[in-house]
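Asker: Kindly generate the corresponding structure for this input.
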Amino acid sequence: WLAGTDKRCTWVNQHWLDFTGLALGSEVGEGWRDQVHADDRKRCQSVYVTSFDARLQFRMEYRLQRQDGEYRWLLDHGTPRYQGNEFVGYIGSCVDITDRKQAEALVRSSELQMRLVTDHASVFLCSLDRAHRFNFANRAYAGRYGREPADLIGRHLPEVIGADAYAVIRPHVESALAGNREDFELELPYATLGRRMVHFVYEPERNVEGRVVGLVSVLTDMTERRKAEQELERARDKAEAASRAKDDFLAALSHELRTPLNPVLLLASDAATNVNLSPELRADFETIRKNVELEARLIDDLLDLTRITRGKLTL
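Answerer: Okay, the predicted model is just below:
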């Protein structure tokens, strides 16, 4: 297209006319603006007039109506024209970028969906480029450091986690950027979080050519779980120690109870069979003998319980 010094269009080529389905006469002057989408017209006019008055090149995107009624996105690029040193107007060209705009919209939609998924994930997600700078972080990861995801983009890893923590994990980062999957767990001395036990998974990120261009990191903070496990282990150790003390006590008690019963059982057994004693007295000693044997059997059962808990009962 061409425009004169009065900002009015003087000519458009046949492709423009074929696109809009209009004749040349209706497109010159300011008629071309009638084909611009109403939502884009004011913005388009502002860019056009401002650039024209300043004699500047411009690039703008707007929707233009095709002859079948469909609106298509165009990229309009205008350049000042001179004859010698005299400004004589503008020359410009338009390119149909509808497919690109649709692809961008799909990418934005996909990114939005991915952001919605990752921001609600319970793990900490981020990705780094080859310079160890963030190019993505989910809300959970950024919130861990009191930041918004956008605040981390472009920042160097040690700026966020601290120099000491960075020194610990740097070999793993370098290994992942060399193409290796890293899956490890260690305690990191974070600058702002203190010492935390963290499980890491570093997955190399490759481009379409297969070259490693960064890494994707999945972090799980294991600190509270490890503390809970340690508390359980301590509680288990205490319970086992108490159980062993109980068993030791029962074993000692059983032995001490059985020792004084042996002479009683011996004397009662002898007296129960002594013919020099009266039948009534021998019957009393027999009762004593039976009850002492019963008591001894109960003590044996008590010892069996301690043997069972120690896995030493012989059948």
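Asker: Where is the longest helix in this structure?
Answerer: Here the longest helix in the chain is taken by residue count, with DSSP state H as the criterion, and it is helix 223-272.
Asker: Check which helices and strands it sits against.
Answerer: Other helices and strands packing on helix 223-272, by 3 or more C-beta pairs under 8 Å, 6 or more residues apart in numbering; DSSP states H and E, are strand 194-206, helix 279-309. Where C-beta positions appear, they are placed from N, C-alpha and C, glycine not excepted.
Asker: looking at the ones you listed, which is closest to R66?
Answerer: Nearest of these to R66, taken as C-beta to C-beta: strand 194-206 at 40.4 Å.
Asker: partners of the following helix or strand past the closest one in the sheet?
Answerer: The element immediately downstream of strand 194-206 (helix or strand, assigned by DSSP states H and E) is strand 212-221. Strand pairing for strand 212-221, using DSSP bridges, gives strand 124-129 (antiparallel), strand 194-206 (antiparallel).
Asker: So which residues make contact with strand 212-221?
Answerer: For strand 212-221, contacts defined as C-beta atoms under 8 Å, 6 or more residues apart in numbering pick out 123-130, 135, 141, 173, 176-179, 196-207.
Asker: Assign a three-state SS to the spatially most distant residue from the centre of the chain, would you?
Answerer: Each residue of the chain has a distance to the centre, and by C-alpha atoms, centre = their mean the biggest one is for N276: 92.6 Å. The local conformation at N276, judged by DSSP: H, G, I helix; E, B strand; the rest coil, is coil.
Asker: Next one: it from R289, what distance?
Answerer: When C-beta to C-beta, to the nearest Å is applied, the distance between N276 and R289 equals 17 Å.
Asker: Next: D300.
Answerer: D300 sits 16 Å away from R289, taking C-beta to C-beta as the criterion.
Asker: Looking at the two, which one has more neighbours?
Answerer: Counted by other C-beta atoms under 10 Å, D300 and R289 do not tie: R289 has more neighbours, with 20 against 11.
Asker: surely Y82 meets V88?
Answerer: Yes. Taking contacts as C-beta atoms under 8 Å, Y82 lies within contact range of V88: 6.5 Å.
Asker: which stretches of the stretch 1-150 of the chain form strands?
Answerer: Listed in chain order, the strands of the stretch 1-150 of the chain (DSSP state E, counting those that start in this stretch) span 2-3, 9-11, 58-65, 71-83, 86-96, 124-129, 134-137.
Asker: Much appreciated, bye for now.
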